[in-house]
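Chemist: my questions are about this predicted structure, shown below with the sequence.
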Amino acid sequence: MVSAVILLVVEKSKVNEVAEALVDLKGITEVYSVAGQYDLVAIARVKDNEAIADAVTRQMLKIGGIIRSETLLAFRAFSRYDLERIFSIGAEEGMGG
């Protein structure tokens, strides 16, 4: 599993529209509107680097209103939350559980 944080600068009038389009993309698990130099932060969790490349260079290019993006690949996760358990719950339900 590869995780990435995608920082986006978006046309101000299209922040909500872009966020809704991003969250519909395969591999994008969360989208946050944020304060600061970026407008949106998207979290991607995919099988491999090729899937990240596809999401960022092919799928996102189809979304109008994105001015600039920066993609950060995660090497290791540090969390107080049991993310593995949280994500496995959704996977078990999706498998007829």
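Modeler: Looks like it came in fine.
Chemist: where does pLDDT dip in this structure?
Modeler: For the chain, the stretches flagged by pLDDT under 70 are 80-97.
Chemist: quick one: contacts for the most centrally placed residue in the chain?
Modeler: Closest residue to the average C-alpha location of the chain: Ile43 at 2.8 Å, with C-alpha atoms, centre = their mean. Neighbouring residues of Ile43 by C-beta atoms under 8 Å, 6 or more residues apart in numbering: 3-6, 28-32. Backbone N, C-alpha and C define where each C-beta goes, glycine included.
Chemist: what about the strands in the protein?
Modeler: Per DSSP state E, the chain carries strands over the ranges 2-10, 28-33, 40-46, 66-73.
Chemist: wait, which of these is closest to Asp54?
Modeler: Minimum separation from Asp54 across these (C-beta to C-beta) falls at strand 40-46, 8.4 Å.
Chemist: ok, the closest one: who's next to it in the sheet?
Modeler: Partner strands and pairing direction for strand 40-46 (DSSP bridges) are strand 2-10 (antiparallel), strand 28-33 (antiparallel).
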